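Visitor: Just a sequence and a predicted model for now, questions to come.
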Amino acid sequence: MNSLAKSDIYNLSAEKLAKLAPIDVTCYGESLFILCNAKDVIVVSDLHPRVKMQLKALEAKARMGMPKPVTIVTEE
């Protein structure tokens with residue numbers, strides 16, 4: 001997946017954006033949103049409930065080995 005800063009997106013034409021898709025749009029290093037072609041998107045809310053449960057189970061299985069997210073709190 002390509003990663004571009006929000007400011008760089010404004011300088012590209014629609015044709016170049018379509019060729020680069022999917023794009024992770026970032027601002028100050030944090031991901032804001034993902035640009036992609038609509039034909040490449042699966043809307044989970046449109047799926048059958050059993051399929052939703054299967055996808056959630058696969059995601060849970062994939063995340064089992066991942067480290068827990070770390071919350072960073074700054075003190076003033």
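Guide: Nice, I can see it. Keep in mind it's a predicted model, so treat the numbers as computed, not measured.
Visitor: What segments of this protein are helices?
Guide: Secondary structure of the chain (DSSP state H): helices located at 6-9, 14-20, 49-63.
Visitor: Any chance you could list what contacts the second one?
Guide: When you say that, I think you mean helix 14-20. Residues from elsewhere that reach helix 14-20 (C-beta atoms under 8 Å, 6 or more residues apart in numbering): 2, 4, 9, 12, 23, 35, 37. From N, CA and C alone the C-beta is placed, and that goes for glycine too.
Visitor: Serialize the residues you listed to CSV and add fields for pLDDT and distance to residue 49.
Guide: Shown next, in CSV, are the contacts of helix 14-20 (pLDDT from 0 to 100; distance: C-beta to C-beta, whole Å):
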residue, pLDDT, distance to residue 49
2, 83, 34
4, 85, 36
9, 83, 36
12, 85, 40
23, 88, 32
35, 87, 29
37, 86, 27
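Visitor: Which one of these sits in the busiest neighbourhood?
Guide: residue 23 (18 neighbours; other C-beta atoms under 10 Å).
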